[in-house]
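> here is the input, now give the coordinates:
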Amino acid sequence: MLDNILQLGFLINLLSGTIRIASPILFAALGELVVERSGILNLNVEGAMTMGAFVGFAVARQTGSLWAGVLAGALAGVAMSMLMAFMSSTLKIDQTVTGLALNIFASGLSFYLYRIIYKDFISGNMPTVSPFIEVPIPLLSQIPIIGPALFSQHVLSYIGLFMVPLIFIFLYRTKYGLALRCMGENPRTVDMKGVSVTKYQYMALAFGGFMSGVGGCFLTLASAGLFVNNIAAGRGWIAIAIVIFGSWRPFNILWATLFFAFLSSLQVQIQSAGFPFPYQLVLILPYVVTILALIFSRRRYGAPLSLGIPYIRE
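Below is the predicted model of the structure:
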């Protein structure tokens, strides 16, 4: 078994699996980062990913275009987030309750629509699409070990990685990012400057929903090629935890996502290598480490001071 672990193929599969597992979570976590920087605690990430996964799959299968599916899935994520924005930013309803309710709504609605649209399909004959294929980057993909693992990925994976510095520049190098960050700390101060808190929170939630929808599309259009009930499988909640673990900073969130994905990929490869260890314990390893990381980061260093507190203009 040790010989299997030391093989070149094991290392390549481990690293490439890390990027694949990280991609949908990274999209969702970066979107949630922007939302929480505006002061909104959006627990609807899981629901937006689920709806994005379903709508993206349905549109891609109907049109034959995977990119049309990605766009439709992203817009479905935006629609879910607009419900969140209306209830939390406009009606000032408790954000925790709203997020949980929308998650349940998205899970039920997506599977209901799936059963209505694909009622002619039976178990074992599920509707599928041909997913995205990996796109090797010239020259870089030829580097031993690292090349096949890191530079032979899906286009969506490259886009997700590119979004990290882009969001960093937006938050820390633009006046709009400064206004958004100030909004999460003290929205009244921003309001006194003539900046609409509600408008910014709507835009932040729209972006967060877009990113979560793309993350959901990755699951159906780049990974599985089909839609199943509860396809997000807790990735939305992991994304929220990673935002906390990453101290609400883009590059920290990237490393935290890769760390979780590495552990998830490791448990898959260990099982494939035949390591004599109870597989149930291997499966829970990434989640146990995530919980421990949250415990050690319980001081919420970097959290916006007004996070989750509805802003009521006087």
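
> how about the helix ranked longest in the chain: buried residues?
The residue-count maximum for a helix in the chain (DSSP state H) belongs to helix 8-37. With burial defined by 16 or more other CB atoms under 10 Å, the residues of helix 8-37 counted as buried are 10-37. (C-beta placed from N, C-alpha, C; glycine too.)

> name the helices or strands packed onto it?
Packing contacts for helix 8-37, counted by 3 or more CB pairs under 8 Å, 6 or more residues apart in numbering; DSSP states H and E, involve helix 45-63, helix 146-150, strand 152-153, helix 155-173, helix 175-185, helix 197-217, helix 235-245, helix 250-273.

> could you list the low-pLDDT ranges of this protein?
1-7, 122-124, 272-283, 286, 294, 297-301, 314 (pLDDT under 70).

> for residue 225, grab phi and psi.
The phi and psi values for residue 225, taken as degrees, to the nearest 10, are phi 80, psi 10.

> that one contacts residue 129, correct?
Yes - at 5.5 Å, residue 225 counts as touching residue 129 under the criterion of CB atoms under 8 Å.

> okay, those two: which has more neighbours?
residue 129 (21 against 18; other CB atoms under 10 Å).

> quick check: that one vs residue 226, distance?
Distance, residue 129 to residue 226, by CB to CB, to the nearest Å: 7 Å.

> repeat that for residue 201.
Distance, residue 201 to residue 226, using CB to CB: 35 Å.

> now swap in residue 169 and tell me
On the measure of CB to CB, residue 169 and residue 226 end up 37 Å apart.

> same question, residue 94
Remark: distance between residue 94 and residue 226 (CB to CB) = 36 Å.

> ok, residue 261 next?
Applying CB to CB, the value for residue 261 to residue 226 is 22 Å.

> more neighbours: which of these two?
Neighbour count, other CB under 10 Å: between residue 261 and residue 226, residue 261 has more, with 23 against 16.

> can you put the helices and strands packed on helix 8-37 in a markdown table and add distance to residue 104?
Output for these, formatted as a markdown table (distance: least, CB to CB, whole Å):
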| stretch | distance to residue 104 |
| --- | --- |
| helix 45-63 | 8 |
| helix 146-150 | 37 |
| strand 152-153 | 33 |
| helix 155-173 | 27 |
| helix 175-185 | 27 |
| helix 197-217 | 16 |
| helix 235-245 | 13 |
| helix 250-273 | 25 |
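
> now, of those, which is deepest in the fold?
helix 45-63 (a mean of 29; mean count of other CB atoms under 10 Å).

> and that helix, how far out from the chain's middle?
13 Å (CA atoms, centre = their mean, to the nearest Å).

> please save the CA atoms from that helix in PDB.
Taking Å, rounded to 0.1, in the frame of the first residue of the first chain, the C-alpha atoms of helix 45-63 are listed here in PDB:
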ATOM      1  CA  VAL A  45     -25.300  29.500  -0.200                       C
ATOM      2  CA  GLU A  46     -26.300  25.800  -0.300                       C
ATOM      3  CA  GLY A  47     -29.700  26.700  -1.800                       C
ATOM      4  CA  ALA A  48     -28.200  28.900  -4.500                       C
ATOM      5  CA  MET A  49     -25.700  26.200  -5.400                       C
ATOM      6  CA  THR A  50     -28.500  23.600  -5.600                       C
ATOM      7  CA  MET A  51     -30.700  25.800  -7.800                       C
ATOM      8  CA  GLY A  52     -27.700  26.700 -10.000                       C
ATOM      9  CA  ALA A  53     -26.800  23.100 -10.400                       C
ATOM     10  CA  PHE A  54     -30.300  22.100 -11.500                       C
ATOM     11  CA  VAL A  55     -31.000  25.100 -13.800                       C
ATOM     12  CA  GLY A  56     -27.600  24.800 -15.300                       C
ATOM     13  CA  PHE A  57     -28.100  21.100 -16.000                       C
ATOM     14  CA  ALA A  58     -31.600  21.600 -17.400                       C
ATOM     15  CA  VAL A  59     -30.600  24.400 -19.700                       C
ATOM     16  CA  ALA A  60     -27.400  22.800 -20.900                       C
ATOM     17  CA  ARG A  61     -29.300  19.600 -21.700                       C
ATOM     18  CA  GLN A  62     -32.100  21.500 -23.600                       C
ATOM     19  CA  THR A  63     -29.900  23.800 -25.600                       C
END
